[in-house]
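Student: Just the structure for this:
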Amino acid sequence: MKLLHDAIPTDRFLALPDHPGRSSAARRTGIEIEFAGLDVPAAAEVVRGQWGGAITQADPREIVLEGGAHGRVKVELDISLKRKWAEDMAAQALGDLVPVEIVTAPLAQADLLQADRLVAALRAAGALGTQARLAFGFGVHFNTELPGPEGEGLVAVARAYALVEDWLRASDPVDLARRVLPFVDPWPKALVDALAGLTHDDPRALAQLYAAHAPSRHFGLDLLPALEHLCPEVLADVPPEHLKGGRPTFHYRLPEARLDAPDWSLAYEWNRWCMVEQVAVTPGLLAALADGWQAHRRGLVPMRQDWAAEVEALLGTARLLDSDAV
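Tutor: Below is the predicted model:
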């Protein structure tokens, strides 16, 4: 039987859906891509070859390119131990287990295809992704602008993600190396329970629930940057090491970086996120998922895999992949 997951496009980027009273056409997305197989200077040369730009900051562990076709790009060794000597020792000891990371400026949706072409160039140059080695656990992060400047639509997207996360994970399981690291944990069931019943669009109420049930940045969807931007005072009890500064974006950390897999693309991972937002702007579907989750939790032994199957059935009737490409 063909599953909905199998129909997700890998060769085109779907457009973000409009939210009530808000067009999504101008929303931008910064992308972070982790990989091994290339050092920082070699990866920076691939970026410069694709997008141009001049090196304005050069260090063996961090290179910044400015003035290219798609704005500022940082290429860095993804390690932060506060002391250069400690970082150098860790990088030497761990080798490719410490990934190189490319961090883009916010990209227009029409420019996302260029990010996929950059991935293809990195692959051709020898970049390796999560599936290349057993111990690799590399990710892709999408930092997509919120639907509205005051947090409009944020609650709906949070509810949608909470209710379909088990399906996202079951339809394309997270690599073992990422599962054992505390970076992309699933949201706690208590948070999902609370969000299933949260029906008013109130970012402060969302922040209170998030601070109570998930006060960490190490989830597949990290809402702390958005909530810190909108209502930092509500997050006073969140451990400070998890508050890295507020910004009006989602921080979607779940996708894997499978750069060495020829059939993988950023478009595939982006389109999975677009499905989350499509659920958020489909009130009947969102309500059906919330009701279904609450009934599921009243079951004798509620299992995440059983809920994922229920989500598959509900999503399959909703035509979520009919969106135009950007």
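
Student: ok, the residue nearest the centre of the chain to Asp222 distance?
Tutor: In the chain, the residue lying closest to the centroid (CA atoms, centre = their mean) is Tyr252, at 2.2 Å. Distance, Tyr252 to Asp222, using CB to CB, to the nearest Å: 8 Å. For the C-beta atoms, the positions are set from N, CA and C on the backbone; glycine is no exception.

Student: Now do the phi/psi pair for His200.
Tutor: phi -100, psi 140 (degrees, to the nearest 10).

Student: is it true that it touches Ala156?
Tutor: No - between His200 and Ala156 there is no contact under CB atoms under 8 Å: 10.5 Å.

Student: hang on, the earlier thing: just give the nearest non-adjacent residue to the residue nearest to the centre of the chain, would you?
Tutor: In space, and not counting its chain neighbours, Tyr252 is closest to Phe142: 4.4 Å by CB to CB, 6 or more residues apart in numbering.

Student: could you point out which element follows the host helix or strand of that neighbour?
Tutor: Secondary structure assignment for Phe142, by DSSP states H and E: strand 140-144. Per DSSP H and E, the first helix or strand lying C-terminal to strand 140-144 is helix 154-171.

Student: That following helix packs against which elements?
Tutor: Helix 154-171 is packed against helix 189-196, helix 203-213, strand 221-222, helix 266-280, helix 283-297, helix 304-315, with contacts defined by 3 or more CB pairs under 8 Å, 6 or more residues apart in numbering; DSSP states H and E.

Student: Within its sheet, name the partner strands of the shortest one and how each one runs.
Tutor: Translated: strand 221-222. strand 251-252 (antiparallel) (DSSP bridges).

Student: Residues in contact with the strand it pairs with: which ones?
Tutor: 141-144, 217, 220-226, 273 (CB atoms under 8 Å, 6 or more residues apart in numbering).

Student: Indicate which one of the helices and strands packed on helix 154-171 is closest to Gly37.
Tutor: In terms of CB to CB, the element of these nearest to Gly37 is helix 266-280, at 17.5 Å.

Student: Taking their axis directions, the closest one and helix 154-171 sit at what angle?
Tutor: 130 degrees (axes from the mean of the first three to the mean of the last three CA atoms, to 10 degrees).

Student: Quick check: next helix or strand after the helix or strand bottoming out on mean pLDDT in the chain?
Tutor: Scoring the helices and strands of the chain by mean pLDDT, DSSP states H and E places helix 84-94 at the bottom, with a mean of 38. Heading C-terminal from helix 84-94, the first helix or strand you meet, by DSSP H and E, is strand 100-104.

Student: Now the element after that next one, going C-ward?
Tutor: Going down the chain from strand 100-104, the next helix or strand is strand 107-108, by DSSP H and E.

Student: what's in contact with that following strand?
Tutor: Ala26, Arg28, Thr29, Gly30, Ile31, His70, Gly71, Gln114, Ala115.

Student: Among those, the buried ones, what's the PyMOL command?
Tutor: Applying 16 or more other CB atoms under 10 Å to these, the buried members can be selected in PyMOL as follows:
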select buried, resi 28+29+30+31+70+71+114+115
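
Student: Looking at the contacts of strand 107-108, which are in helices?
Tutor: Among these, DSSP state H puts Gln114, Ala115 in helices.

Student: ok so, going back, in the sheet, which residues pair with the residue nearest to Tyr252? Tell me.
Tutor: The partner residues for Phe142, given DSSP bridges, come to Ile31, Tyr252.

Student: What about it, how many residues nearby?
Tutor: 22 (other CB atoms under 10 Å).

Student: can you pull the contacts of it?
Tutor: Phe142 neighbours (CB under 8 Å, 6+ apart): Thr29, Gly30, Ile31, Phe250, Tyr252, Pro255, Glu269, Trp270, Trp273.

Student: Looks to me like Val75 is in a strand.
Tutor: Yes - assessed by DSSP: H, G, I helix; E, B strand; the rest coil, Val75 belongs to a strand.

Student: Look up which residues are beta-bridged to it.
Tutor: Here Val75 sits in beta bridges with Ile63, Ile102, as judged by DSSP bridges.

Student: Quick check: which ranges of the stretch 151-300 of the chain have low pLDDT?
Tutor: Scanning the stretch 151-300 of the chain for pLDDT under 70 picks out 177, 179-180, 182.

Student: ok, so what distance separates Pro9 from Leu266?
Tutor: Counting by CB to CB, the separation of Pro9 from Leu266 is 12 Å.

Student: How many residues are close by the closest residue to Gln208 other than its chain neighbours?
Tutor: Leaving aside its chain neighbours, Gln208 sits nearest to Val234 (5.8 Å; criterion: CB to CB, 6+ apart). Other residues within reach of Val234, judged by other CB under 10 Å, total 19.
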